[in-house]
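Asks: here is the input, now give the coordinates:
(one chain, ligands or ions: 2)
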Amino acid sequence: MAAVDGGEVDHLAGERATAHFDVDAMKVAWAGSRHAVEVNDRMARLVASDPVFRKDTRTMLSRKELFKDTLKKAAHAWKRIVELRLTEEEANLLRLYVDQPGYVDLHWGMFVPAIKGQGTEEQQKKWVPMAYKFQIIGCYAQTELGHGSNVQGLETTATFDPNTDEFVVHSPTLTSSKWWPGGLGKASTHAVVYARLITQGKDYGIHGFIVQLRSLDDHSPLPGITLGDIGGKFGSGAYNSMDNGVLRFDHVRIPRDQMLMRLSQVTREGKYVHSDVPKQLLYGTMVYVRQTIVADASKALSRAVCIAVRYSAIRKQFGSQAGGPETQVLNYKTQQSRLFPLLASAYAYRFVGEWLKWLYTDVMQKLEAKDYSTLPEAHACTAGLKSVTTSATADAIEECRKLCGGHGYLNSSGLPELFAVYVPACTYEGDNVVLLLQVARFLMKTVSQLASGKQPVGTTAYMGNIQYLMQCKSAVNTAGDWLNPAAIKEVFEARALRMAVNCAQNISKAPSQEEGFSELSPDLLESAVAHVQLIIVTKFFEKLQQDIIGHGVKEQLQNLCNIYALFLLHKHLGDFLSTGCITPKQGALANEQLGRLYAQVRPNAVALVDAFDYTDHYLSSVLGRYDGDVYPALYAEAWKDPLNETVIPDGYQEHLRPLLKQQLKFSRL
Ligand SMILES: CCCCC/C=C\C/C=C\C/C=C\CC/C=C/C(=O)SCCNC(=O)CCNC(=O)[C@H](O)C(C)(C)COP(=O)(O)OP(=O)(O)OC[C@H]1O[C@@H](n2cnc3c(N)ncnc32)[C@H](O)[C@@H]1OP(=O)(O)O
Ligand SMILES: Cc1cc2nc3c(=O)[nH]c(=O)nc-3n(C[C@H](O)[C@H](O)[C@H](O)COP(=O)(O)OP(=O)(O)OC[C@H]3O[C@@H](n4cnc5c(N)ncnc54)[C@H](O)[C@@H]3O)c2cc1C
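Replies: Ligands and ions are numbered 1, 2, ... in the order given. Reported below is the predicted structural model:
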């Protein structure tokens, strides 16, 4: 039981008793190993039991108070990490469970990886130990006021001066101001800055540079540097704990050896030398972070679903006859058909995230061995999965809020803040539409190479089966036939391939490839989504092939996998019908099967969210409490609001009383 701060009575005990599987074994399947369950649990409890990490009044703090609270939590987390000699794995989890975005996320998540990925060994030796000891704090300064998506359009310049062996970093225009980097506004002492490298009069495009921003003595900005926070953001609490910043350079000089030189170098004389590696490795930090964002999607989605499932089991409406009990809203078929696909998606994203981590590690090993062949696929997979999982998760959190009715709209439900903190994931680390267009570009390239006989590999291997997939017809005859993984995989592959081939054919009719791509871009987005959904479905099926232990665990995962796939089929029925992959009758059978699967999930629903093993502290929701004791908690929470500090509100004398008196006068007219 994970709820360290839950009450004595378990109002959900009845729900837990109906589960048909071993919840502890499911925790292992979810976390990836028994070790992962143990370390997650230990770090979550450590955070939950520490009063410094309280967050129940976070949404009521002013921006300044919230920021200071974030600094305090980050410093305290670091103190605990050092005192307890936590491993890197433990420290990362501790920060995750602190659950308050802050400069440390960018320091560990982007600054350090950028230096490790793009710095030479010598540069890593110099900078990484300082970063590891927090002697410096770093951020990732790429985006500018004028350009974010178009990285090649960035305007900041770094001009080499051979007289002094320095780069001169400069912001030539207002739009070249760095804008958005997290941690930049108030906390960072250093940044990895992306700027156009100019040497010997030639512009060599975007490169990374380590730039010191603030004094290590008194934290004041160094000469020539203008720094600040860019202002309040969407929602209460939420991402406002982060100091997203603005940065301008006025001819700031840095030593030549602060250019990140693993991929290309500038010599003492100012000669530009590019190593024999693809230029796109410059984007490596983004690929790394996109991969972690997919894992985060399952975390955020499972959190929202956990709240909505538990509350739906407690909440009762209608159905009372002659004083009998009312119906739990979780028993309504509409509630199930909205909620259970989200539950299934949380599991699907968890497993595809696990696979993506493996893919990323594999590609990195190949890159070390100078094999760059898998780079395009790694880019397409990270970009596509980041895009599809974050968009669906943001929508799902909002759906969970609605599934909790009016109380879901209260900050104390945890859902508004979760949404506000999560929704920028659709934009940062690459706008989701821009990233899907990258996937589409990769797909169009793969389709065009089919004609030349090149066999696609990896996640596009199915395209090699083009003769069959372009004309096959689904053999599904009964609702039960949709439980056959081969039947599902076949229609997902046929849909993805046919959509891609249709796009490629239509592009080829345009005056130019570029015009065709632009004109067809809305269709290309849908084609990219179909391909990415196929990856997620396939990886879920592959997970089921693995050794899954524990009573009933595999059966539950099979149900969830089928729900995920058939829900997508139902939602995108238009794609499957218009490409001729299935008939309307087969579509109806899929929907019939979905209803049956929902009925099988119903008695297991609460246990399936218990398997996420979240503490009440992490959930931070009165509706999602482990013990289900929702109403007293809701009632108590209301009284914590600053508005309830006085019975008569501030402003009564100036603004309410005169109004009430004036109304009296009018009523005499
Ligand atoms: C309640 C509390 C909850 C707690 C919450 C917890 C945590 C929250 C805390 C933190 C959140 C974490 C992170 C937030 C921080 C965010 C950071 C950022 O946003 S950093 C900035 C990110 N910026 C972007 O992503 C920019 C997007 N743009 C691009 O990536 C490129 O410009 C784009 C669109 C790919 C285009 O590239 P470009 O070179 O201009 O052009 P082409 O399209 O022509 O591409 C040329 C070829 O290169 C290939 N390519 C492109 N990218 C890559 C890549 N990354 N890797 C490999 N290859 C790549 C592309 O396919 C082309 O290949 P071909 O020529 O077609 O073969
Ligand atoms: C909370 C948050 C944290 C961030 N943290 C950082 C950070 O730490 N460091 C950093 O460097 N940056 C950071 N960013 C910036 C982020 O990476 C960019 O905002 C993101 O890459 C999107 O770029 P943009 O803002 O230029 O959007 P734009 O590209 O201007 O997007 C505007 C619209 O145009 C559309 N669009 C753009 N190009 C195309 C196209 N080619 N085809 C079709 N449609 C297109 C988009 O889909 C979107 O609808 C952060 C952003 C946010 C919101």
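
Asks: what sits against residue 422?
Replies: By C-beta atoms under 8 Å, 6 or more residues apart in numbering, the contact list for residue 422 reads 300, 390, 393, 394, 397. Heads up, the C-betas are built off the backbone N, CA and C, glycines and all.

Asks: before we move on, what about residue 282?
Replies: Residues in contact with residue 282 (C-beta under 8 Å, 6+ apart) are 118, 206, 207, 208, 263.

Asks: in a helix, it, correct?
Replies: Yes - read with DSSP: H, G, I helix; E, B strand; the rest coil, residue 282 is one of the residues of a helix.

Asks: ok, back up a step: out of the contacts of residue 422, who's the most crowded?
Replies: residue 393 (31 neighbours; other C-beta atoms under 10 Å).

Asks: that residue contacts residue 423, doesn't it?
Replies: No - applying C-beta atoms under 8 Å as the test, residue 393 and residue 423 come out as separate, 9.2 Å apart.

Asks: would you mind listing what in the chain touches ligand 2?
Replies: Residues of the chain found near ligand 2 (C-beta under 6 Å from any ligand atom) are 106, 140-143, 147-149, 180-182, 239, 244, 424, 427-431, 433-434, 437.

Asks: for ChimeraX, what selects the buried ones among those?
Replies: One line in ChimeraX is enough to select the buried ones among those; burial here means 16 or more other C-beta atoms under 10 Å:
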select :106,140,141,142,143,147,148,180,181,182,239,244,424,427,428,429,430,433,437
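
Asks: give me the subset of the residues of the chain next to ligand 2 touching ligand 1.
Replies: Applying C-beta under 6 Å from any ligand atom to these, one finds that 140, 142, 143, 148, 149, 182, 428, 429, 430, 434 fall near ligand 1.

Asks: from residue 328, how far out is the fourth one?
Replies: What it means is residue 148. 45 Å (C-beta to C-beta, to the nearest Å).

Asks: name the nearest residue to the residue of the stretch 501-650 of the chain found nearest ligand 2, sequence neighbours excluded.
Replies: Proximity of the stretch 501-650 of the chain to ligand 2 (C-beta to the nearest ligand atom) peaks at residue 521, 6.4 Å away. Nearest residue to residue 521 in three dimensions, chain neighbours excluded: residue 437, at 6.4 Å (C-beta to C-beta, 6 or more residues apart in numbering).

Asks: what packs against the helix or strand encompassing the one you found?
Replies: Using DSSP states H and E, residue 437 falls within helix 432-450. Judged by 3 or more C-beta pairs under 8 Å, 6 or more residues apart in numbering; DSSP states H and E, helix 432-450 is in contact with helix 375-403, helix 485-508, helix 513-519, helix 521-545.

Asks: which helix runs longest in this structure?
Replies: Longest among the helix segments of the chain by residue count, using DSSP state H, is helix 333-368.

Asks: for the stretch 51-200 of the chain, give the residue positioned nearest to ligand 2.
Replies: Of all residues in the stretch 51-200 of the chain, the one sitting closest to ligand 2 is residue 148 (2.4 Å; C-beta to the nearest ligand atom).

Asks: for that residue, what are phi and psi?
Replies: Dihedral pair for residue 148: phi -130, psi -60, per degrees, to the nearest 10.

Asks: mind pulling up the pLDDT for it?
Replies: In this prediction, residue 148 carries a pLDDT score of 98.

Asks: give the burial count for the residue in the stretch 551-669 of the chain positioned nearest to ligand 1, as a bare number.
Replies: Among residues of the stretch 551-669 of the chain, the one nearest ligand 1 by C-beta to the nearest ligand atom turns out to be residue 620. It sits 7.3 Å away. Counted by other C-beta under 10 Å, the residues lying close to residue 620 total 25.

Asks: quick one: it and residue 56 touch, right?
Replies: Yes - Residue 620 is within contact range of residue 56, at 7.1 Å (criterion: C-beta under 8 Å).

Asks: so where is the stretch 51-200 of the chain shaky, pLDDT-wise?
Replies: Nowhere does the stretch 51-200 of the chain drop to pLDDT under 70.

Asks: what segments of it are helices?
Replies: Secondary structure of the stretch 51-200 of the chain by DSSP state H, counting those that start in this stretch: the helices cover 63-83, 88-98, 103-106, 112-118, 121-132.

Asks: by contact count, what packs against the shortest one?
Replies: Okay, so that is helix 103-106. Helix 103-106 sits against helix 63-83, strand 138-141, with contacts defined as 3+ C-beta pairs under 8 Å, 6+ apart.

Asks: ok, the second one next?
Replies: For helix 88-98, the packing partners by 3+ C-beta pairs under 8 Å, 6+ apart come out as helix 34-48, helix 63-83.

Asks: so which of the ones you listed is the most surrounded?
Replies: A comparison of the helices and strands packed on helix 88-98 by mean neighbour count, using mean count of other C-beta atoms under 10 Å, puts helix 34-48 on top with a mean of 18.

Asks: residue 203 belongs to a strand?
Replies: Yes - applying three-state DSSP, one finds residue 203 inside a strand.

Asks: I figured it hits residue 197, correct?
Replies: Yes - Residue 203 is within contact range of residue 197, at 7.5 Å (criterion: C-beta under 8 Å).

Asks: out of those two, which sits in the busier spot?
Replies: Neighbours per residue, other C-beta under 10 Å: of residue 203 and residue 197, the larger number sits with residue 197, 22 against 11.

Asks: run through the residues that contact the more buried one.
Replies: Applying C-beta under 8 Å, 6+ apart to residue 197 gives the contacts 158, 160, 167, 203, 204, 205, 206, 207, 259, 266, 272.

Asks: now with 7 Å?
Replies: Shown in contact with residue 197 (C-beta atoms under 7 Å, 6 or more residues apart in numbering): 158, 204, 205, 207.

Asks: in the sheet, who's paired with it?
Replies: With DSSP bridges as the criterion, residue 197 is bridged to residue 158.

Asks: gap between it and residue 117?
Replies: Counting by C-beta to C-beta, the gap from residue 197 to residue 117 is 17 Å.

Asks: cool, and residue 185?
Replies: According to C-beta to C-beta, residue 185 stands 25 Å off from residue 117.

Asks: pLDDT averaged over stretch 355-373 - what is it?
Replies: Averaging pLDDT along stretch 355-373 gives 95.

Asks: where does it sit relative to the chain's centre, distance-wise?
Replies: Relative to the chain's own centre, stretch 355-373 is displaced by 22 Å; criterion: C-alpha atoms, centre = their mean, to the nearest Å.

Asks: going forward, the N-terminal residue is numbered 39.
Replies: Yes, from this point I'll number from 39; that puts the last item at stretch 393-411.

Asks: buried stuff in that stretch?
Replies: For stretch 393-411, using 16+ other C-beta under 10 Å, the buried residues are 393, 394, 397, 398, 401, 402, 405, 410.
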